[in-house]
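**Q** no FASTA, just this:
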């Protein structure tokens, strides 16, 4: 009813007034539509994504090469018996550390003590023969001066004296040999180190001597210091030879170079050592040469045969730029980083990488010291896209505290 009355009232208005009222209403509706469309456009445009940027770190570094190798003992000894006999006692626990000169095995000594007693008795008999020969020779000298005996008898007495002296020397040698055999029944450690398990149990017959068939009783390896052996190629050998300072033609090559090591379960190269030997021949088949380093091993953590990784200097110190390793991306075989230019636009730069140093990657080529490297938020960055660069700990605008608020 009210709508019909409103239309009737509008119909009763003069024509010019009705046209003006319609125009005003159309303009009002158009203005409302434009305002709504602008608001929706402003609300629909996403803001530039925030990323964390940082400048490259400038630092003096040294190129380093890494190799994998094995530990080897400085000294390794096989314990074998020098005399044959039944094993009488074992004086160590399998796998323990032993000292130099420590008693390890004892072979039944009774036969050797008897042999020593017999040798000593033979020695006494030989001494008695020498005394008798000396007396006979003395009497013969008196008799020959008085022309009582012939020259032939005198010569016999002289030869008997020489034979008695020879028998005495043989008896003395037999005593020394018997004493050695008795001493050899006690097998002592020739070095300090860690002994393995016993290969022969008490009560078994031990075959001694110098033949290859002699019984192996145990093995001992030294532990402190310990050596580490690895191989490197010919090009690396030339680099190290030129880096070695203070060496002469007759001095060991590369012995002044320091080396760092880490075990397979470690992340840092925390063990320090020194190169003590480089081989004198490059293997023709592989084109590599053997190097050796020595490390202190007071806790016996390093074990012969254990794998480890070593790192050694490959260049003179130089100035380089470093970025967090997480900032480096991969595109097939090429490496790159994202940088933000002065207009807050992402640019992609391809780089040449160096070694990793304390979580930072050395960049040999591709960036400048003034670049702003994206170190966090690479997934939100695309080359040519706009971003909102933030320093580490800074929050984007709209976060509590404003655009410059620092993360607590």
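**A** Alright, I've got the coordinates. These numbers were taken from a predicted model, which means no experiment stands behind them.
**Q** Which residues outside the strand ranked longest in the chain are in contact with it?
**A** Looking across the chain with DSSP state E, the single longest strand is strand 346-357. With contact meaning CB atoms under 8 Å, 6 or more residues apart in numbering, strand 346-357 is reached by 59, 61, 63-64, 66, 320, 322, 325, 328, 331, 334-341, 361-367, 371, 374, 381-387. Every residue, glycine included, has its C-beta placed from N, CA and C.
**Q** That strand pairs with which strands, and in what direction?
**A** Applying DSSP bridges, strand 346-357 is found paired with strand 334-340 (antiparallel), strand 360-365 (antiparallel).
**Q** buried set for the first one?
**A** Judged by neighbour count (16 or more other CB atoms under 10 Å), strand 334-340 contains these buried residues: 335-340.
**Q** what separates stretch 319-326 from the chain centre, distance-wise?
**A** 25 Å (CA atoms, centre = their mean, to the nearest Å).
**Q** Now do the buried residues in stretch 71-86.
**A** Those would be 71, 73-74, 77, 79-83, 85, for stretch 71-86 by 16+ other CB under 10 Å.
**Q** quick one, strands of the stretch 251-400 of the chain?
**A** For the stretch 251-400 of the chain, applying DSSP state E, counting those that start in this stretch gives strands covering 258-262, 271-278, 288-295, 307-313, 318-324, 329-331, 334-340, 346-357, 360-365, 373-376, 388-390.
**Q** now the strands paired with strand 346-357 as TSV including mean pLDDT?
**A** Formatted as TSV, the strands paired with strand 346-357 follow (pLDDT from 0 to 100):
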stretch	mean pLDDT
strand 334-340	93
strand 360-365	90
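**Q** okay if I get those as a markdown table plus distance to residue 102?
**A** Formatted as a markdown table, the strands paired with strand 346-357 follow (distance: least, CB to CB, whole Å):
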| stretch | distance to residue 102 |
| --- | --- |
| strand 334-340 | 57 |
| strand 360-365 | 50 |
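**Q** between the ones you listed, which gets nearest to residue 267?
**A** For the strands paired with strand 346-357, distance to residue 267 was read as CB to CB. The smallest value, 14.1 Å, belongs to strand 360-365.
**Q** Off-centre distance for that closest one?
**A** 24 Å.
**Q** now do stretch 78-93
**A** Worked out by CA atoms, centre = their mean, stretch 78-93 lies 36 Å from the chain centre.
**Q** Then stretch 310-329?
**A** On CA atoms, centre = their mean, the centre of stretch 310-329 falls 20 Å from that of its chain.
**Q** List the buried residues in it.
**A** So, applying 16+ other CB under 10 Å, buried residues of stretch 310-329: 310, 312-314, 320-324, 327-329.
**Q** How about stretch 220-231?
**A** Under 16+ other CB under 10 Å, the buried positions of stretch 220-231 are 220-228, 230-231.
**Q** do the same with stretch 128-139
**A** 129-130, 133, 136-137.
**Q** so residue 178, which of the three states?
**A** helix (DSSP: H, G, I helix; E, B strand; the rest coil).
**Q** how many other residues sit next to it?
**A** Neighbour count of residue 178, defined by other CB atoms under 10 Å: 21.
**Q** pretty sure it contacts residue 115?
**A** Yes - at 4.9 Å, residue 178 counts as touching residue 115 under the criterion of CB atoms under 8 Å.
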